[in-house]
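Trainee: next comes the sequence, and after it the predicted model I'd like to discuss.
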Number of protein chains: 8
Amino acid sequence: MRLTVYLAGEIHSAWREELKKKSLALRLPVDFVGPMEDHERSDSIGEEILGKQPNALAKDMTASSFNNLRTGVLIHKADLVIAFFGEQYKQWNTAMDASSAIAAGKPLIIVRPEKLHHPLKELSRKSSATVETVDQALKALSYIFE
Amino acid sequence: MRLTVYLAGEIHSAWREELKKKSLALRLPVDFVGPMEDHERSDSIGEEILGKQPNALAKDMTASSFNNLRTGVLIHKADLVIAFFGEQYKQWNTAMDASSAIAAGKPLIIVRPEKLHHPLKELSRKSSATVETVDQALKALSYIFE
Amino acid sequence: MRLTVYLAGEIHSAWREELKKKSLALRLPVDFVGPMEDHERSDSIGEEILGKQPNALAKDMTASSFNNLRTGVLIHKADLVIAFFGEQYKQWNTAMDASSAIAAGKPLIIVRPEKLHHPLKELSRKSSATVETVDQALKALSYIFE
Amino acid sequence: MRLTVYLAGEIHSAWREELKKKSLALRLPVDFVGPMEDHERSDSIGEEILGKQPNALAKDMTASSFNNLRTGVLIHKADLVIAFFGEQYKQWNTAMDASSAIAAGKPLIIVRPEKLHHPLKELSRKSSATVETVDQALKALSYIFE
Amino acid sequence: MRLTVYLAGEIHSAWREELKKKSLALRLPVDFVGPMEDHERSDSIGEEILGKQPNALAKDMTASSFNNLRTGVLIHKADLVIAFFGEQYKQWNTAMDASSAIAAGKPLIIVRPEKLHHPLKELSRKSSATVETVDQALKALSYIFE
Amino acid sequence: MRLTVYLAGEIHSAWREELKKKSLALRLPVDFVGPMEDHERSDSIGEEILGKQPNALAKDMTASSFNNLRTGVLIHKADLVIAFFGEQYKQWNTAMDASSAIAAGKPLIIVRPEKLHHPLKELSRKSSATVETVDQALKALSYIFE
Amino acid sequence: MRLTVYLAGEIHSAWREELKKKSLALRLPVDFVGPMEDHERSDSIGEEILGKQPNALAKDMTASSFNNLRTGVLIHKADLVIAFFGEQYKQWNTAMDASSAIAAGKPLIIVRPEKLHHPLKELSRKSSATVETVDQALKALSYIFE
Amino acid sequence: MRLTVYLAGEIHSAWREELKKKSLALRLPVDFVGPMEDHERSDSIGEEILGKQPNALAKDMTASSFNNLRTGVLIHKADLVIAFFGEQYKQWNTAMDASSAIAAGKPLIIVRPEKLHHPLKELSRKSSATVETVDQALKALSYIFE
C-alpha cells in the first residue's frame, strides 16, 4: 500500500524538504505532492500563460486560476493532507486546502506552533490530528503503516 | 421564496448589523444566521458548559467543539454564504467556513478590502463572486430576487 | 405538493411568459424561477456592482460572477428544469444549466425546434424528455400532477 | 503520477493532434482520451449497431446512446478535462461535457478564441482556467507536473 | 412531522386505494404519491404529447420519457417508498423504483405474496423491511409515528 | 428556524423526558424524534407485524427490520443527533446511530458519564461535542439558537 | 486503459461465455465479473456457510446475504454494467443490478429481445444504450476503445 | 482483481491471525489492513507523539486523534470490511467502524457469537452478511472470488 500525501501550507520555509527527507530515511511508501513552491512563479503563472494583464487584480485572478487547477488535480489524488501553518503569513490558502480535505473526507494533519492554537482552534478540532512539529507529523504518518 | 444566508467572518466590526438593516430596508425575504458574535462567550463556551479545563489548549478544544456544532447546524441550513475578511485578523475560521460552503456546493460571496486581493486570490477565484463593500454584497444578494 | 421549476434558456423570446400564463390558467401548483431576463442588465451587472472594469473581458468576468451566483441559488431550489433552445443563439448557458440539472439528479425537459434535433442529440438523450413546443412542455409538467 | 485527460470539443480541426504531439515532446505523463473523432461514424454508430432506423430522429437517438456511453466511461476515468470551443459550430456537446466535468468536481480547462469570451463567460467563470490557444493549454497542463 | 410516501408497483389491483383509505382512517400524517395508474394513459402519454410515432418502439420510448420524468420528481420528494409486487406481471419498473429508493438512501418496504420470496430474495434483503399484505405495510408505516 | 433533533441511545432511563421538559421550559424551537422507547414493543414488533417466527434469531431479524425502517426515516429528518451512552448496556445501536449521523454530516452531541471516556474516545473524537449530563447537552443545544 | 465490466442477468444461458469469447477474440482490454452463475450454489450458499436454516424463507434470506455481498463488491469495481434480460425469468435481480448501476452513475447497456421492449421501456430509457443481441453489446463495448 | 479488506474489532484475540493464515492458504488475492493491534500503543500513541498530557481525558483525546487518522486512511482504501464482535468488550469502535463502512457503501461482514445476536440485531440487519466464526467469514470472502 502506497499513499499519496498533499503538503499544504507555507512555501517559504524548508518544512517540506525536511519531511520528505525524513520520510525517505524511514522508507515510508509515500509520494508527496503539493502547491507550486516557487512563490514568484506561482504569482506570475497567469501572465506567463495568458500574457500581460491590465492590472494587479487581473494578474492575480489569472494566476489563481492555474494554481487552483494544479491544486484541484493534486488534492484529488491524495489519500491524506498535511497542512502547515507558520506564524508569519495569513495563509488563507492553507486553511482553504485544509477545509477542502475535510469536506472531501480526506484525513488531515495540521502542523502549527503552539502559539497558534487559539486562532486555529475550530479548524484544528475538525482535523484528524494537530501536531506542532514536522517530526510529530512524521510519527503520525508513520503510525498509519505500522 | 425565502433564503437563509450564513454570515461568516469578522465579529469585531458592525458589518453584519449594517447588512441586516439594509436588507430589511429593501424587504429582501432573507433570514440571516451566523457564528456566535460575542467573542468572550465564543471563547469560554467550552468551560461554561463543561467546567474549568486544565489548560488553555483544553479550554480552546472544548470551546471549538461547541462553536463547530453551532456552525455545522447553521451552515447546513443556509442557501448561500457571505464571508467577510477584514484587514486585522487571521480569520482562519472565515476561510474554513467559506471553503465548507464551496465544498457543499453553496454559492459564496466574499467581501474583502481591495488591499487583501493578493492573499485571498485563490479562495476568491473559487467563490461565486468577490466584492469590496457591504453595499456591494447587498446588491449581489438583491440581484438574486429580481 | 408545490414544485419549483427553473426555466433555463433563451431570454429574447416570450416563451417564459407563455408558459407561466398557461400554467396559471391550469392552476398548476408551480413556482417558476430563472435567469435574469433583461439582457442588458445581465451583461452589465458586474460593472453595476463593482464599478467600471478595465476591459471587455473583465466586464464579462464580473458579470458572469453575479449571474452564476443567482443561477446557483435558484437551480438548487428547483425540483425540475425546463431548458429552451431556439435557433438563433449559441446558448451555451442553456446547455450548461441543463447539464447542471442532469448532474444534480434533477429531471430535465428540453424544448427545441425539430430542426435542432441533430446538434442536440446527446444532450437530449440525457434529458428526461425532449419536446418541441411550450404547449408540449406544459403537458409534460401537468402530467406530473395528475 | 500519471494523469488521464479527456479532450472535449470540436472534432473537425487538428487541435487534439497538436496537443498530443506537443505533450509527447515534453514527455508529460498523460494519457489522452476523448469522443469519437470520425464525425460520420459518430453519427451512424446507432444504425451501425442496431440497424436501419425509421427516421432521422430515431437515427440520432440511437447514435447518441452509444456516444454518451463512450463519453460516460471515458470522462469518469479522467482526472482533468480540456474543452475546446471553435467559432464555427454550436458545440452543445462540448458545453455538456464541460459542465459534467465541473459537476463531477474534475478540474476543467477551456480553450476558446478571444472572440468567444462573451457567449462563454458564465461557463468560463465556472472552469478552473480559460485559455486561448492549444499552447497555453499545454502550459497549464505542464504546470501541474512542475 | 408529515411524511411523503411513494407507492411503487402494480397498477391493476386496488392495493393503493386500500392503503390510502386505511391510512386515512388511522389519521396518519402521510401524503401518498405514485406512478400514473391509468395504464392506457401511461402507455400513450408519449404520443399524446409528441404526436404519432413511427413504430411501437418509438411510442414506448417517448411514453417512458414522460413516465420517468414524473417518477423522478415524485420519488425525489418521498421520505419512504413502498413497493408492491404481485404474482402476475414482470414489474421491472417496480424493481427499478425500489432499487432507486435504496440507492438514494430512502427506506423501502416491499409488499409481496410469500410465493414470491424466492425470486425477490436479493432485493428483499436490501429493503428495510418486507411484508406480505397491505395491512402489514400499514402497521410498519404506522410504527414510524408511534 | 426550527430544528429536528434525534435522540439516540438508552431507552431504560428518563433522560429523554428530562431533556424534552427542560427544552420546553426554555421554549427552544425544537422537535424531538427517536427510537421506539417501549423495549418490549421494539423487540416484538417483527412478530407483531409478520406473525410468529421460527426462532429467536428470526424474531430479532424481523424486529430489527422495522426498527431500522423507523430509525432510517427519522434520522434522515433530523438536523442534529444527541446520543446518550449509559454504563449498563452494550448500546451498539447508539454507536450505530451516532456513526450514521457523522457519516451523513449531521452534527452529533455525545452524552456519557466521565467513566466511559476511555472506551468511547474514538467515537467521541469524531463527534461535534461530548458532554457528561443532560443539562450540558441542553446548554449546547441552546447555544445554537443564541 | 483497461475496463472492468459487470455482467448482470440470466445465468441459464450461455450469453456470458459468448460475450467473453468474442471480446477475447477482439483483444478488448476488458475484465469481466458477475454474479455466481451456478444456480444451485447461489441458492444454497447461505446454508453452506451458516448451516441448515429453519425454513425456506430463512434459507433464502441467508443466501441473498452472501449473493448481495458478492455483487456489492464486484459492481463497485466495475466501470460499466451490461444487463441481459431473457424471456423466461422474472429477473428482478437483473433489474436491481441495472438500477444500482444507473444510480451509481455507471454506464449501462441493456441486452433484451425486441419482444421485451414494452415491459422494459422505462428501465431502457434510463440505460445508456439498449441492444438486442450479444453481438450488438460487443460492438457497443468495442466502440469505447476506438 | 485484488481486494483490500479492513479487519475491524477485538484486538485481544487471535482472530485476525487465523483469518490471514487461512486466507493465505487459499491463496485469496486479498490485502488485509486494520487498527493498531498493540493495545498499549494504541492508548499511548497520543502522548508518544505529543508528549505528556495534563490528564487521562486529554491523553485519550490525543490518542484517539491518531487512531482515527489511521483508521480513516485504511478504511477508505478497503473494498470490504469484516467486523468481529467478541463477548467481553464494549467494542464501540467496532460498531463505529462497521457503521462507517455501511455509510460509505462498503460491503460489511459481521462476525459474532450467536449469543450476541440480540444486542447486535439492528447493526446485523444493516450488514451485508452476519456469520459466527472466522471460518464462515473466510467462506464468504472466498465466495466473492469464485
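Mentor: Alright, I've got the coordinates.
Trainee: buried ones in stretch A:51-63?
Mentor: By neighbour count on 16 or more other C-beta atoms under 10 Å in any protein chain shown, the buried set for stretch A:51-63 is A:Gln53, A:Leu57, A:Ala58, A:Lys59, A:Asp60, A:Met61, A:Thr62, A:Ala63. (Each C-beta comes from the backbone N, C-alpha and C, glycine too.)
Trainee: will you turn these into a markdown table that also has pLDDT?
Mentor: A markdown table is the format used below for the buried residues of stretch A:51-63 (pLDDT from 0 to 100):
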| residue | pLDDT |
| --- | --- |
| A:Gln53 | 95 |
| A:Leu57 | 92 |
| A:Ala58 | 93 |
| A:Lys59 | 96 |
| A:Asp60 | 96 |
| A:Met61 | 94 |
| A:Thr62 | 96 |
| A:Ala63 | 97 |
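Trainee: now A:Val5: closest residue in space that isn't a chain neighbour?
Mentor: Distance criterion C-beta to C-beta, 6 or more residues apart in numbering or on different chains; nearest residue to A:Val5, sequence neighbours excluded, is A:Leu80 at 5.0 Å.
Trainee: is that neighbour in contact with A:Ile102, as I believe?
Mentor: No: using C-beta atoms under 8 Å as the test, A:Leu80 is too far from A:Ile102 to be in contact (11.9 Å).
Trainee: what about the strands in chain A?
Mentor: Under the criterion DSSP state E, chain A carries strands at the ranges A:3-9, A:30-33, A:80-84, A:108-111, A:129-131.
Trainee: mind checking if the shortest one is in reach of chain B?
Mentor: No: Strand A:129-131 is not in contact with chain B by C-beta under 8 Å from any C-beta of the partner chain; minimum separation 9.4 Å.
Trainee: and the fourth one, by the same measure?
Mentor: No: applying C-beta under 8 Å from any C-beta, one finds strand A:108-111 out of contact with chain B, separated by at least 10.3 Å.
Trainee: and that strand, does that touch chain H?
Mentor: Yes: judged by C-beta under 8 Å from any C-beta, strand A:108-111 comes into contact with chain H at A:Ile109.
Trainee: okay, and the common contacts of A:Leu80 and A:Ile102?
Mentor: A:Leu108 (C-beta atoms under 8 Å, 6 or more residues apart in numbering or on different chains).
Trainee: show me what contacts the residue nearest to A:Val5?
Mentor: A:Leu3, A:Thr4, A:Val5, A:Tyr6, A:Lys106, A:Pro107, A:Leu108, A:Ile109, A:Leu141, A:Ile144, H:Val73 are the contacts of A:Leu80 under C-beta under 8 Å, 6+ apart.
Trainee: in CSV, list those along with pLDDT.
Mentor: Formatted as CSV, the contacts of A:Leu80 follow (pLDDT from 0 to 100):
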residue, pLDDT
A:Leu3, 97
A:Thr4, 98
A:Val5, 98
A:Tyr6, 98
A:Lys106, 96
A:Pro107, 97
A:Leu108, 98
A:Ile109, 98
A:Leu141, 98
A:Ile144, 97
H:Val73, 97
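Trainee: redo the residues you listed as TSV? Include neighbour count.
Mentor: Putting the contacts of A:Leu80 into TSV (neighbours: other C-beta atoms under 10 Å in any protein chain shown) gives the following:
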residue	neighbour count
A:Leu3	18
A:Thr4	16
A:Val5	24
A:Tyr6	24
A:Lys106	20
A:Pro107	25
A:Leu108	26
A:Ile109	25
A:Leu141	23
A:Ile144	23
H:Val73	21
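Trainee: nearest to chain F among these?
Mentor: Of all the contacts of A:Leu80, chain F sits closest to A:Pro107, with 11.7 Å by C-beta to the nearest C-beta.
Trainee: that closest one contacts H:Phe66, correct?
Mentor: No: taking C-beta under 8 Å as the definition, A:Pro107 is not a contact partner of H:Phe66, at 10.4 Å.
Trainee: what about A:Glu146, how many neighbours?
Mentor: The number of residues packed near A:Glu146 is 10, by other C-beta atoms under 10 Å in any protein chain shown.
Trainee: revised request: answer the last question for A:Arg112.
Mentor: 25.
Trainee: is it true that it touches A:Leu120?
Mentor: Yes: if you go by C-beta under 8 Å, A:Arg112 and A:Leu120 touch, sitting 5.6 Å apart.
Trainee: shared neighbours, these two?
Mentor: With C-beta under 8 Å, 6+ apart, A:Arg112 and A:Leu120 have common neighbours A:Phe85, A:Thr130.
Trainee: so, low pLDDT: which residues of chain A?
Mentor: By pLDDT under 70, chain A has no low-scoring segment.
Trainee: count of neighbours near A:Phe145?
Mentor: 16.
Trainee: residues touching it, list them.
Mentor: A:Met1, A:Leu28, A:Pro29.
Trainee: run the last query once more with 10 Å
Mentor: A:Met1, A:Leu3, A:Leu26, A:Arg27, A:Leu28, A:Pro29, A:Val30, H:Val33, H:Arg70, H:Val73, H:Leu74 (C-beta atoms under 10 Å, 6 or more residues apart in numbering or on different chains).
Trainee: quick check: closest non-adjacent residue to the residue of chain A most remote from its centre.
Mentor: Taking C-alpha atoms, centre = their mean, the residue of chain A most remote from its mean C-alpha position is A:Pro54, at 30.3 Å. Leaving aside its sequence neighbours, A:Pro54 sits nearest to C:Pro54 (C-beta to C-beta, 6+ apart; 3.9 Å).
Trainee: again with A:Ile11
Mentor: A:Glu37 (4.6 Å).
Trainee: what's the answer for A:Lys77, then?
Mentor: A:Thr4 (5.3 Å).
Trainee: could you verify my assumption that A:Pro119 touches B:Lys90?
Mentor: Yes: counting by C-beta atoms under 10 Å, A:Pro119 touches B:Lys90, with 4.7 Å between them.
Trainee: what do those two both touch?
Mentor: A:Phe85.
Trainee: could you point out the longest helix of chain A?
Mentor: helix A:56-77 (DSSP state H).
Trainee: and the residue of chain A nearest chain E?
Mentor: Closest point on chain A to chain E, by C-beta to the nearest C-beta, is A:Gly105, at 16.5 Å.
Trainee: tell me how many other residues surround A:Asn67.
Mentor: A:Asn67 has 25 neighbours, counted by other C-beta under 10 Å.
Trainee: isn't A:Lys106 up against H:Val73?
Mentor: Yes: at 8.8 Å, A:Lys106 counts as touching H:Val73 under the criterion of C-beta under 10 Å.
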